[in-house]
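Dropping the sequence and predicted coords here.
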Amino acid sequence: MLNRRSTLALLSAALATPRAAFAAAAQEIMWEDLIPPGVRYAEIIGEGEIDLVNDTWNPIYDENATKLNAALDGAYIKMPGFIIPFEISAAGVTNFMLVPYMGACIHTPPPPANQLVMVDSAQPWPGDQLWDAVWVTGRMRTQLQSTDLGQTGYAIDADEMEIYVW
């Protein structure tokens, strides 16, 4: 049985414990998890056409490219990817697109919407680490959104980022 002093000590310790210790662990996901169950990856890449003038392939996506995994809406997740910055300052990047592979959206046609994620980060990511793969942890939302680089299907409010270690 706890006496009054033990109870007060226990309560004081609980109040002094960081809130992060009580936070739920992030669900680790990968890019294939962004595709809804029952839709195969091959079904999100539609036909395409070759642009002979610019020597590129232009994909033509069908409705599967914008189908999102509703189970991830509101989920606290951790996922890897590469950064395509939208807002950069001396402190670093706070608004960016998370993409599945290096150079997506810049040197090649963009991946489909359900393979692109907009990220708003509470803490700037250093500008000298933009080429590194990163882990992004935060609350995910399903949200179709158009950008200059492509249509995104998801958004994350990131509260933590770190270098992705292979």
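Yep, that arrived.

average model confidence for the one helix or strand residue 158 maps to?
Applying DSSP states H and E as the criterion places residue 158 in strand 151-163. Throughout strand 151-163, pLDDT has a mean value of 96.

now stretch 117-128
Regarding stretch 117-128, the rounded mean pLDDT is 94.

what's next to that stretch, contact-wise?
Residues outside stretch 117-128 that contact it (Cβ atoms under 8 Å, 6 or more residues apart in numbering): 34, 79, 81, 83, 88-99, 134, 136, 138, 140, 143, 145, 147, 152-161. No exception for glycine: its C-beta is placed from N, CA and C like everyone else's.

rewinding a little: can you list the buried residues in the strand holding residue 158?
151-156, 158-159, 161 (16 or more other Cβ atoms under 10 Å).

residue ranges of the strands in the protein, please?
27-28, 48-51, 56-59, 76-89, 92-99, 117-125, 134-146, 151-163 (DSSP state E).

I'd like those as CSV, with distance to residue 70 appended.
Listed next are these as CSV, based on distance: least, Cβ to Cβ, whole Å:
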stretch, distance to residue 70
strand 27-28, 15
strand 48-51, 28
strand 56-59, 24
strand 76-89, 14
strand 92-99, 19
strand 117-125, 15
strand 134-146, 6
strand 151-163, 11
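
Looking at these, which is nearest to residue 111?
Nearest to residue 111, of all the strands of the chain, is strand 92-99, at 6.8 Å by Cβ to Cβ.

packing partners for that closest one?
strand 76-89, strand 117-125 (3 or more Cβ pairs under 8 Å, 6 or more residues apart in numbering; DSSP states H and E).

how does it look with 10 Å?
Where contact means 3 or more Cβ pairs under 10 Å, 6 or more residues apart in numbering; DSSP states H and E, strand 92-99 is packed against strand 76-89, strand 117-125, strand 134-146, strand 151-163.
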